[in-house]
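>>> Fold the following for me, if possible:
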Amino acid sequence: MEGRCLGSSADEVRAAAGAFLEGLSVYGVTGCLKHYPGLGSGRVDSHRDLPLLDETVFEDRELFRSLVGRGRAVMVAHALAPVLGEAACPTSLSRTVVARLRAFAAPILADDLEMGALSAYGSLPERAAAALAAGCDQVLVCNALPARQEVAEHVESTARRDPVLAATLRHAAARSEGFGRNELGEVAWDRVLELADRARALAGAKP
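Alright, predicted model coming up:
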């Protein structure tokens, strides 16, 4: 995750992420926090393998709680987090982990289902149904676009046989309704360039 982090401590991340999210909201854009509950303690890249998180994930989780207000979305990572009460499956497929998140975030997205971390958890359609059954409101299929129809059909057919999944999908639709539909503010190009320069300076980038 080198180069993709906002800081090396919880306070640094909270300050930088908070400023970024507030900046988005000024222009009518609602942010999405990722990757819940925090991948900092993982030793492998979830694009390739399934990370195992240690007890520091408790601090990471609280950081998400402090930032998720104002209707912001949260993306759930693919990782094992036994300390959160789930040792059998990744956080994105865990009803235990996602249920706690549903109390303070909407909508909840599962990270890209194509990632290597989920390679042992079935086909793309099966992963989608599992993530939605766990309580995620939406799932991502980022590159295998031709598979989207098969994913949707599998989820629909599974829901017809599973009343719990069917109810979960209805709740998911309600929780996602209106998200990201804010009126966007106009931004002059000169202002865009000014803000980009400020962002680079804050990030320590050289001119």
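
>>> can you give me the helices in the protein?
Counting by DSSP state H, the chain has these helices, from start to end: 10-26, 57-67, 95-102, 124-133, 148-161, 163-176, 189-202.

>>> Report the buried residues of the longest one.
Which is helix 10-26. Residues of helix 10-26 classed as buried: 10, 13-14, 17, 21, 25 (neighbour count, 16 or more other Cβ atoms under 10 Å). (Each C-beta comes from the backbone N, C-alpha and C, glycine too.)

>>> Please dump those into JSON lines; it should also carry pLDDT and distance to residue 81 for every row.
Formatted as JSON lines, the buried residues of helix 10-26 follow (pLDDT from 0 to 100; distance: Cβ to Cβ, whole Å):
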{"residue": "10", "pLDDT": "85", "distance to residue 81": "17"}
{"residue": "13", "pLDDT": "88", "distance to residue 81": "18"}
{"residue": "14", "pLDDT": "90", "distance to residue 81": "21"}
{"residue": "17", "pLDDT": "89", "distance to residue 81": "20"}
{"residue": "21", "pLDDT": "90", "distance to residue 81": "24"}
{"residue": "25", "pLDDT": "85", "distance to residue 81": "29"}
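
>>> just checking, residue 125 touches residue 150?
Yes - in this structure, residue 125 is within contact of residue 150 by Cβ atoms under 8 Å, at 5.5 Å.

>>> Any idea what the residue positioned nearest the centre of the chain is bridged to?
Nearest to the geometric centre of the chain sits residue 75, at 0.7 Å (Cα atoms, centre = their mean). As for beta bridges, residue 75 partners with residue 109 under DSSP bridges.

>>> dump the residue contacts of it.
Shown in contact with residue 75 (Cβ atoms under 8 Å, 6 or more residues apart in numbering): 32-36, 108-111, 140.

>>> Export these as JSON lines, with columns for pLDDT.
Formatted as JSON lines, those follow (pLDDT from 0 to 100):
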{"residue": "32", "pLDDT": "92"}
{"residue": "33", "pLDDT": "93"}
{"residue": "34", "pLDDT": "93"}
{"residue": "35", "pLDDT": "93"}
{"residue": "36", "pLDDT": "95"}
{"residue": "108", "pLDDT": "95"}
{"residue": "109", "pLDDT": "96"}
{"residue": "110", "pLDDT": "97"}
{"residue": "111", "pLDDT": "97"}
{"residue": "140", "pLDDT": "96"}
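
>>> from these, which two are the most distant?
The distance between the two most remote of these (Cβ to Cβ) is 14.6 Å, for 33 and 140.

>>> now the lowest-mean-pLDDT helix or strand in the chain against helix 10-26, angle please.
In the chain, no helix or strand scores lower on mean pLDDT, DSSP states H and E than helix 189-202, which sits at a mean of 84. Here helix 189-202 runs at an angle of 180 degrees relative to helix 10-26 (axes from the mean of the first three to the mean of the last three Cα atoms, to 10 degrees).

>>> Count residues in the vicinity of residue 72, would you?
19 (other Cβ atoms under 10 Å).

>>> doesn't residue 34 make contact with it?
No - contact status for residue 72 versus residue 34: not in contact, 10.8 Å apart, counting by Cβ under 8 Å.

>>> Which of the contacts of residue 75 fall within strands?
Among these, the members falling in strands (DSSP state E) are 32-36, 108-111, 140.
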